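Asker: Model the following, please.
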Amino acid sequence: MTGKYDAETTSPPDTQTGHPEEAPHGKKLRTRHVTMITLGGIIGASLFVGSANIIRNTGPAAMLSYAAGGLLVFLAMRMLGEMAAARPAVGSFMEYARVGLGTWAAYVVGWLYWYFWVGVIAYEAVVGGGILNGWFPALPAWAVSLALLAIFVVTNLISLRSFGETEFWLASIKVIAIVVFLGVGTLFALGLWPNATFSISNLWTHGGFMPNGIGVVLSSIALVLFSYFGTEIAVMAAAESENPEKGIRQAAKTVIWRVMLFYVGAIFVIVTIVPWNQLPAPSVIAPFTYVFSLFGMPGAEMIMGLVIFTAVISVLNSGTYSAARMFAALAEQGLAPKTMAKRTKAGVPAFAVIASTIGGLAATVVNFIAPSSGIYDFIMNSTGLVALFVYVFIAATQWRLRVKMTAEERSDLKLKVWLFPWLNIVLILGAIGIVTIMMFSESGRTQVWTSLIAAGALVLFWPMVRTRLALDKEKESLVASSVLDKAHQ
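Answerer: Predicted coordinates:
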């Protein structure tokens, strides 16, 4: 498979987009960094806070929504893992889309992915600023948001190792919190915790396991899917590690049990301990905080508040990393200004980090100075389908690359997608099904149309980008021809 990829690239292996050799060996991520990013990267504030709304709408069957969404993520990660294990690339699925489907595909999916993370950077900065303002009212929320942006742009600029070390500790806090929650929560639900009673019957005694019907369960998949988006960061980070192939295989293989344990397991604990129709709204108290308070643990609200804040700034940190690496990968293919591809001695695409943060900064500032303009809301809504776009591109790319491989290359695959190409079809149809379901709700329709507008704007610029790429290629050919002529003379 490696041979197939290399045969279709357009530049030498040592300069090809996303090769892990770009970062100095001493600055690459260590195995422990990749392991913890793989474990904790999937855990965001959407689990600690947003899960309440899904449970309140769906009932105990929220577990099915999370499990179904997790299955789609697992399929996408397995397909991405097959490609990445054979050819680690920091540009990840953007680079594979270029090789498998063409430069147009890399252009669309790369820019959409960058746009998504710029929106996330802004969102997490606003949420983080709001949390700290709640704790320290004397600090203006806007100032705290800008300070958080500054902190994590510096963290990412110092070195790749600096990003990895920061994310290691932030992810560790999230993982420890979830493990404690699952352990104590299971004992509590079984009546084995002090002052607890056996409460498994909460799964079916308050209107049934699926009180609001299968339709709500299916529509909730669209919401939970976006909670999982970001799992692919582990593959991108693994490509810059000391052992890329091992890290990529680990990320792709373990995603299913991480989803089942951290997300489905946590939802199971919540709905068994608290009747689904008695769970407070997240605007009143976060579900994890509420359940922790039932355990009788002192300072539960403060502890979970710190964990939620950790989750927010962790996503801000990893979002800055992801946006910058994708921007740099786009630049290396001529799909963004070449300056964005330049790296420091530490292997950091500094201009890409700064530019991505400026994008997030602009959206953050708009939120504070013109909250009624609708610009911030448009940015947030228009990133809604990016996860689905990316998953469809991953499925189509892996399908295309597998078809083009020889029998020998297929047998040499170190990580393989099963039941090819049926699982690709399942993933693509699943994405289409989710979009269809979203059209039946007002908020869903808003996300669909705004996302299509953002994607449409990219498509409009493609002819200009394609023309510039052709001119650049022609200039390179002329320069190469001139050099050969001089050499012959």
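Asker: Centre of the chain to the host helix or strand of residue 389, how far?
Answerer: Residue 389 is part of helix 386-404, with elements assigned from DSSP states H and E. With C-alpha atoms, centre = their mean, to the nearest Å as the basis, helix 386-404 stands 16 Å off its chain's centre.
Asker: Which SSE is immediately downstream of it?
Answerer: Next helix or strand after helix 386-404 toward the C-terminus (DSSP H and E): helix 407-411.
Asker: list the buried ones in that next one?
Answerer: Using 16 or more other C-beta atoms under 10 Å as the test for burial, helix 407-411 gives residue 409. To be clear about C-beta, it is placed using only N, CA and C from the backbone, and glycine gets the same treatment.
Asker: ok, now stretch 410-425?
Answerer: So, applying 16+ other C-beta under 10 Å, buried residues of stretch 410-425: 415, 417, 420, 423-424.
Asker: For residue 130, give its distance to residue 139.
Answerer: From residue 130 across to residue 139, the span is 11 Å (C-beta to C-beta, to the nearest Å).
Asker: go on, residue 157?
Answerer: 24 Å.
Asker: Those two: who's more crowded?
Answerer: Comparing residue 157 with residue 139 by neighbour count (other C-beta atoms under 10 Å), the higher total belongs to residue 157, at 19 against 14.
Asker: so the more buried one sits in a helix?
Answerer: Yes - looking at residue 157 with DSSP: H, G, I helix; E, B strand; the rest coil, it is inside a helix.
Asker: from memory it sits against residue 351, does it?
Answerer: No - at 10.2 Å, residue 157 does not count as touching residue 351 under the criterion of C-beta atoms under 8 Å.
Asker: where do the helices sit along the stretch 151-300 of the chain?
Answerer: 160-189, 214-228, 233-238, 244-258, 265-273, 287-294, 300-332 (DSSP state H, counting those that start in this stretch).
Asker: Comparing those, which comes out most buried?
Answerer: helix 233-238 (a mean of 29; mean count of other C-beta atoms under 10 Å).
Asker: so how far is it from its chain's centroid?
Answerer: 10 Å.
Asker: With stretch 187-203 instead?
Answerer: Using C-alpha atoms, centre = their mean, the offset of stretch 187-203 from its chain centre is 34 Å.
Asker: Ok, stretch 431-450 next?
Answerer: Relative to its parent chain, stretch 431-450 has a centroid offset of 20 Å by C-alpha atoms, centre = their mean.
Asker: mind listing what's buried in that stretch?
Answerer: 431, 434-435, 437-438, 444, 446-448, 450.
Asker: Just send those back as CSV, with distance to residue 205 and secondary structure too.
Answerer: Shown next, in CSV, are these (distance: C-beta to C-beta, whole Å; DSSP: H, G, I helix; E, B strand; the rest coil):
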residue, distance to residue 205, secondary structure
431, 36, helix
434, 31, helix
435, 35, helix
437, 29, helix
438, 32, helix
444, 31, helix
446, 36, helix
447, 35, helix
448, 37, helix
450, 41, helix
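Asker: mind checking how far residue 101 is from residue 444?
Answerer: Taken as C-beta to C-beta, the span from residue 101 to residue 444 is 28 Å.
Asker: same thing with residue 330?
Answerer: Where residue 444 is concerned, residue 330 sits at a distance of 29 Å (C-beta to C-beta).
Asker: how about the helix holding residue 389: buried residues?
Answerer: 386-402.
Asker: What pLDDT does the model give the residue most central in space within the chain?
Answerer: Of all residues in the chain, the one closest to the mean position by C-alpha atoms, centre = their mean is residue 230, 1.2 Å from it. For residue 230, the pLDDT comes out at 77.
Asker: which residues touch the closest residue to residue 145 other than its chain neighbours?
Answerer: Spatial nearest neighbour of residue 145, excluding adjacent residues (C-beta to C-beta, 6 or more residues apart in numbering): residue 129 at 3.2 Å. Going by C-beta atoms under 8 Å, 6 or more residues apart in numbering, residue 129 touches 141-146, 148.
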